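Visitor: sequence first, predicted model second:
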Amino acid sequence: MARLEVRSLSKFYGAVPAVSDLSHDFAEGEITTIVGPSGSGKTTTLWMIAGLISPDAGRIFMDGLDVTSVPAERREIGMVFQSYALFPHLSVEDNVAFGLRVRGVAKSERRDRARAALAGVRLDKLAERRITSLSGGEQQRVAVARALAYRPKALLMDEPLSALDAKLRETLRGELFHLLRDLGLTTIYVTHDQVEAMSLGRDLLVMNGGRLEQVGTPRDVYTRPRNAFVAGFLGGANLFRGECTREGGRTRLALAFMTVDLPIDAAAGPCWAMVRPEDFVLAENGNADFRADLDSAFFLGNQLRLQLRARGEALVVDLRDPGEADFRGGVDLRVRRDRVCLWPREAENGSPRP
Amino acid sequence: MPEARSGGARILSALTVLLAILILAPVVVLVAGSFLNTRWLGVTTEQWVAGSDSIVSLRWFGYVLKLYAPMLVFSVEIALLSVLVCIGVGVPGGYVLVRRFPGSALLEELVLLPLSVPGITISIALIQAYAVFRGQWWMVLCGHLAYTIPFMVRSVTTALRASSVETLDAAARTLGAGFFRRFWLVVVPTVRHAILIGSLLVFAISWGEFNVSYLLNTPLHQTYPAGLYAAFTFNSFQVSSAAATIFLAVVLPVLLAIQWIGGPEAVGIGQGA
């Protein structure tokens, strides 16, 4: 188990920064998830920590020691690749034993430890098989066993489930979570899947354009996104232009279609207001904040998704328990006041990025 | 109109068969001429053993084997050495070339350049550059290597690019394998198929190479194709037929093996053999 730390890490491809000025202390013995769209620099970051790419600036520390110039083969950091990168000419067991073989571990011990690692992912029965005869899910588990078999000090996972279909992904996500939690290994898990990002790690790093947008627990980042990008990447997000004024200890938010008092602190002036689709509820007993007209409604099984229009503003609302109403005559809605996010807005023609 | 199309197809098939016959006929005549009484074949008469009316005779093979034995051995030696050196140089070379670095594309072009340069040019260049060494047996080997290394390099680079060897290499690094371990345990096994194909190609090319061998060789170190040329120039139809048949007997199994093993690396065969 190791403490991993990156300081002002940067990598340029030509003049384009793939990662710029990234600093973070990865929690020891915990899973940290890095999430972001493709091209956000998350994979480059992971490869730099592994030692497979050398950074153009910045340092990487392991247990306080500078390992920036230590080559990958001496960092003792296990890695699971998106494409698994299993050796096609070796059997399942020989793949898993590879890290032990290059460390000169005796054949019998190698075998025992490889079998144990395979048992950890419930694949000990397939030890003799060829890699090409395995399913995608089995290959993924072999890749995990191979990365863990030599007992690395930390584990990096580069979108390990993205090549699998949705159902299998969910099963394996659960298995991985339990395996990693039991190992207590410092793990960095890179993904572009928001469900994985929210569910796996203790900490969540959101990256965009090579920069760290936000760090926090998944719950914090989801409920208190620092900007519109983070909000939109981790879930549905309605973004409205508004004006904030201070009224006593409260903030009064005026939008095109409603004015509400919020129990949160925000600077007075032009602002962006973000409300997640699930943070609207049907109004009861005339306590509606606003009334919206229905554009379209989609029944999604566990919720009803409404596309609405209120005073010219388009919004998306997800209702958990819509009952039998068909909303064709319009819908009265109330916003959950503690869930509204406010960011200062610079100018009227500014982009929706605070 | 299916009738018209099938008519066209029939004409095409007939043309193909005709072409195949035209291409194969000389080979058939050659092989047949090496052991059949040519008077019986109606080709030529002059040197069939006097007083013998047997239809089949293998005596010309014996004659050729006795006469050209040193050249046969020399050619096999050169071909096998070419294969060994090509593996030793071409596989690591290909591994280096697929890693992108400044000038790697230019270097690759330079390595592959002999593929498009006539053998005579290579020979003259070798003779002029290394006049002192002319007559040394290994000058012939050098000439063959200039020709064959590009084939091995291309076979290996094609295979390396087709496989995801960069990721496999990265995985081996994170598992603790240094450069040489990765080369032996990951890269070589990944391209073993290409090495096999490349070796067969190199053998076939070296075995059949005439230009460089003919210009570089000396009476002491002649390759078998040079001997073939001599047989054609100075000997009878039967002797040259037998010599050519022996040549084919060595190279045909190699070519068949390349076709049988197949794979993307076998593409270069048409230009070489």
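Guide: Cool, the structure landed.

Visitor: contacts and neighbour counts: CA atoms only from here.
Guide: Will do.

Visitor: of all the residues in chain A, which one is nearest chain B?
Guide: Using CA to the nearest CA, the closest approach of chain A to chain B is made by A:E73 at 3.9 Å.

Visitor: got the contact list for that residue?
Guide: A:E73 is in contact with B:A172, B:R173, B:T174, B:L175, B:G176, B:A177, B:G178, counting by CA atoms under 8 Å, 6 or more residues apart in numbering or on different chains.

Visitor: doesn't it lie inside a strand?
Guide: No - per DSSP: H, G, I helix; E, B strand; the rest coil, A:E73 lies outside any strand segment and is helix.

Visitor: give me the pLDDT value at it.
Guide: What the model reports as pLDDT for A:E73 is 94.

Visitor: B:A242 versus that one, what's the distance?
Guide: 59 Å (CA to CA, to the nearest Å).

Visitor: next one: B:N211
Guide: Here the criterion is CA to CA. By it, B:N211 lies 22 Å from B:A242.

Visitor: the more surrounded of these two?
Guide: Neighbour totals were compared for B:N211 and B:A242, and B:A242 leads with 27 against 19 (other CA atoms under 10 Å in any protein chain shown).

Visitor: what helix or strand does the nearest residue to the more buried one once chain neighbours are set aside sit in?
Guide: Nearest in space to B:A242, with sequence neighbours left out and distances taken as CA to CA, 6 or more residues apart in numbering or on different chains, is B:S34 at 4.4 Å. For B:S34, the host element (DSSP states H and E) is helix B:2-35.

Visitor: same thing with B:S241?
Guide: Using DSSP H and E, the element containing B:S241 is helix B:237-261.

Visitor: what angle do helix B:2-35 and that helix make with each other?
Guide: Orientation check (axes from the mean of the first three to the mean of the last three CA atoms, to 10 degrees): helix B:237-261 against helix B:2-35 gives 130 degrees.

Visitor: what's helix B:237-261 in contact with?
Guide: Helix B:237-261 has contacts (CA under 8 Å, 6+ apart) with B:30-31, B:33-35, B:47, B:60-61, B:63-64, B:197, B:200-201, B:203-204, B:207-208, B:224-225, B:228, B:231-232, B:266.

Visitor: which residues of the chain fall in helices?
Guide: Just so you know, I chose chain A. Remark: helices assigned in chain A by DSSP state H are A:42-50, A:92-96, A:98-101, A:107-120, A:136-149, A:166-183, A:194-200, A:218-223, A:228-234.

Visitor: nope, chain B please
Guide: B:2-35, B:38-41, B:59-98, B:104-112, B:119-129, B:137-162, B:165-174, B:179-182, B:188-190, B:192-208, B:211-216, B:224-234, B:237-261, B:269-272.

Visitor: tell me which of those is the most buried.
Guide: Highest mean neighbour count of those: helix B:192-208, a mean of 25 (counted as mean count of other CA atoms under 10 Å in any protein chain shown).

Visitor: what packs against that helix?
Guide: helix B:59-98, helix B:137-162, helix B:224-234, helix B:237-261, helix B:269-272 (3 or more CA pairs under 8 Å, 6 or more residues apart in numbering or on different chains; DSSP states H and E).

Visitor: mind putting these in JSON lines, mean pLDDT included?
Guide: As requested, the helices and strands packed on helix B:192-208 are exported to JSON lines (pLDDT from 0 to 100):
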{"stretch": "helix B:59-98", "mean pLDDT": "89"}
{"stretch": "helix B:137-162", "mean pLDDT": "88"}
{"stretch": "helix B:224-234", "mean pLDDT": "81"}
{"stretch": "helix B:237-261", "mean pLDDT": "86"}
{"stretch": "helix B:269-272", "mean pLDDT": "40"}
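
Visitor: nearest residue to B:V187 other than its sequence neighbours?
Guide: B:V165 (7.0 Å).

Visitor: would you mind confirming that that neighbour is in contact with B:V188?
Guide: No - shown here, B:V165 and B:V188 do not form a contact pair, counting by CA atoms under 8 Å, at 10.3 Å.

Visitor: now B:F61: closest residue in space, sequence neighbours ignored.
Guide: Using CA to CA, 6+ apart, the closest residue to B:F61 is B:A242 (5.5 Å).

Visitor: how close does the one you found get to chain A?
Guide: Distance, B:A242 to chain A, using CA to the nearest CA, to the nearest Å: 44 Å.

Visitor: cool, and B:W137?
Guide: The separation that B:W137 has from chain A, given CA to the nearest CA, amounts to 39 Å.

Visitor: can you tell me how far the closest residue to that residue other than its chain neighbours is from chain A?
Guide: Leaving aside its sequence neighbours, B:W137 sits nearest to B:H221 (CA to CA, 6+ apart; 6.0 Å). According to CA to the nearest CA, B:H221 and chain A sit 42 Å apart.

Visitor: need the contact list for B:H221.
Guide: By CA under 8 Å, 6+ apart, the contact list for B:H221 reads B:M71, B:F74, B:G135, B:W137.

Visitor: among those residues, which one sits closest to B:L15?
Guide: Distance to B:L15, by CA to CA, is smallest for B:M71 among these, at 39.9 Å.

Visitor: from the stretch 51-200 of chain B, which residue is nearest to chain A?
Guide: Nearest to chain A in the stretch 51-200 of chain B, going by CA to the nearest CA, is B:G176, at a distance of 3.9 Å.

Visitor: so that residue sits against A:G104, correct?
Guide: No - B:G176 lies out of contact with A:G104 (CA under 8 Å); the separation is 10.8 Å.

Visitor: quick one: which of the two has more around it?
Guide: Between B:G176 and A:G104, counted using other CA under 10 Å, the more crowded position is B:G176 (27 against 10).

Visitor: please name the nearest non-neighbouring residue to that one.
Guide: Of all residues not flanking B:G176 in the chain, A:E73 sits nearest, at 3.9 Å (CA to CA, 6+ apart).

Visitor: hmm, back to that, mean pLDDT and mean neighbour count for the helices of chain A - can I get that in CSV?
Guide: Formatted as CSV, these follow (pLDDT from 0 to 100; neighbours: other CA atoms under 10 Å in any protein chain shown):
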stretch, mean pLDDT, mean neighbour count
helix A:42-50, 95, 24
helix A:92-96, 96, 27
helix A:98-101, 96, 25
helix A:107-120, 94, 18
helix A:136-149, 94, 24
helix A:166-183, 88, 14
helix A:194-200, 88, 18
helix A:218-223, 94, 18
helix A:228-234, 92, 20
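
Visitor: any chance of those helices in TSV, plus distance to chain B?
Guide: TSV is the format used below for those (distance: least, CA to the nearest CA, whole Å):
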stretch	distance to chain B
helix A:42-50	7
helix A:92-96	10
helix A:98-101	5
helix A:107-120	13
helix A:136-149	7
helix A:166-183	18
helix A:194-200	23
helix A:218-223	29
helix A:228-234	29
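
Visitor: could you dump the ones you listed to a markdown table with distance to B:I120?
Guide: Shown next, in a markdown table, are the helices of chain A (distance: least, CA to CA, whole Å):
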| stretch | distance to B:I120 |
| --- | --- |
| helix A:42-50 | 50 |
| helix A:92-96 | 49 |
| helix A:98-101 | 49 |
| helix A:107-120 | 55 |
| helix A:136-149 | 53 |
| helix A:166-183 | 62 |
| helix A:194-200 | 64 |
| helix A:218-223 | 71 |
| helix A:228-234 | 65 |
